[in-house]
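Asker: Structure for this input, please:
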Amino acid sequence: MDLLIDFPGEARVDAHFGNFTVKTDQPPSGGGESSAPTPFEYFLASLGTCAGFYIVGFCRSRGIATDNIRLIQRHEVDPTTHLVTRVTFEIELPPDFPERYKPAVIRAVEQCKVKKHLEHPPEFLVRTTMPEPVSA
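Answerer: All right, here's what the predicted structure looks like:
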């Protein structure tokens with residue numbers, strides 16, 4: 001899947017793929033208007049929502065309601081580099097959650113595809129191109 005990234009103005013940067021557009025912006029301190037989450041906030045949200053998807057799949061396959069389950073994601077940041085050094089997922093389970101499934105729901109979160117990509121990062125290539133001129 002290709003994503004088309006464009007620049008609608010100021011500090012906004014949007015990603016288009018399929019029928020979707022993901023809008024991003026920066027806070028005023030970064031030259032933006034805070035009209036949308038920052039790309040990094042989406043990155044962090046992708047970790048939690050991916051982990052949550054695996055919780056939903058696990059619970060659905062066992063007929064367990066997810067109404068009273070919550071996932072809290074916390075991250076620690078190195079004050080010098082400002083990079084995330086640790087991400088913690090805390091799964092809040094209701095009192096009636098089956099005890100025998102607690103280790104399994106943790107294993108389900110461990111399968112998160114976004115998490116696995118961070119554990120085994122892809123190679124990144126960056127290059128420039130010039131579109132072919134359109135002939136009249």
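
Asker: mind listing what residue 58 touches?
Answerer: Listed by C-beta atoms under 8 Å, 6 or more residues apart in numbering, the contact set of residue 58 reads 64, 101, 104, 105, 108. Placement of C-beta: from N, CA and C, glycine included.

Asker: can you tell me how far the residue nearest in space to the middle of the chain sits from residue 75?
Answerer: Among the residues of the chain, residue 46 comes closest to the average C-alpha position under C-alpha atoms, centre = their mean, at 1.1 Å. Residue 46 sits 13 Å away from residue 75, going by C-beta to C-beta, to the nearest Å.

Asker: Do you know the pLDDT at residue 135?
Answerer: The per-residue pLDDT reported for residue 135 equals 77.

Asker: what's near enough to touch it?
Answerer: Going by C-beta under 8 Å, 6+ apart, the list of residues near residue 135 is empty.
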